[in-house]
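Engineer: What follows is a protein structure lacking sequence information:
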């Protein structure tokens, strides 16, 4: 039995949720998102709570029960509050800047890296060594952050590269004479 799925998703004020067939749509101040449901679960809107119930007792149905509830919770939280991932850049000469619809990265390569900013995600650079990625879709925000981090991941000797602000880098001792 799912421990996550049996709790309802509460819908805060300012967010409208509609269930139409196999699609759940949420609208809020940060935009609109939609989720297509599988045949394993059904969703009911009662007042300001979303309830997820499995359609059968199969293992797949029980798995999708908790997964669907988590996706719905992320949808509602995304359109009401939004999601933010912060990245830090460490290294001499490493910096980032937003130029129009592109993120310009200088990461020690012989060329600058130009990352086109997706339409559903907002990227800000308050400092040349800090990148803030925000949006309503948790998966998209995390994916964009992972793609940017992959251009120059942090290395363990000097800690140079792009890292999440919550991440700690395990440092290694260098060469000995």
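Structural biologist: Noted; the coordinates are in hand. Keep in mind that what you see is a predicted model, and the values were worked out from it rather than measured. Numbers count the residues shown, from 1 in each chain.
Engineer: From here on, just use CA atoms for contacts and neighbour counts.
Structural biologist: OK.
Engineer: Wait, a helix at residue 141?
Structural biologist: Yes. Judged by DSSP: H, G, I helix; E, B strand; the rest coil, residue 141 forms part of a helix.
Engineer: For the most centrally placed residue in the chain, which residues are in contact?
Structural biologist: By CA atoms, centre = their mean, the chain has its centre lying nearest to residue 138, at 2.9 Å. By CA atoms under 8 Å, 6 or more residues apart in numbering, the contact list for residue 138 reads 74-75, 78, 83.
Engineer: of all these, which two lie farthest apart?
Structural biologist: Farthest pair in these (CA to CA) is 75 and 83. Separation: 10.3 Å.
Engineer: Of those two, give the one with the bigger neighbour count.
Structural biologist: Higher neighbour count among residue 75 and residue 83: residue 75, with 25 against 21, using other CA atoms under 10 Å.
Engineer: separation between the nearest residue to residue 107 once chain neighbours are set aside and residue 63?
Structural biologist: Sequence neighbours aside, residue 94 is the residue nearest to residue 107 in space, at 4.7 Å (criterion: CA to CA, 6 or more residues apart in numbering). For residue 94, the distance to residue 63 (CA to CA, to the nearest Å) stands at 44 Å.
Engineer: if we look at stretch 106-119, which residues are touching it?
Structural biologist: Contacts for stretch 106-119 (CA under 8 Å, 6+ apart): 93-96, 101-105, 123, 148, 152, 161.
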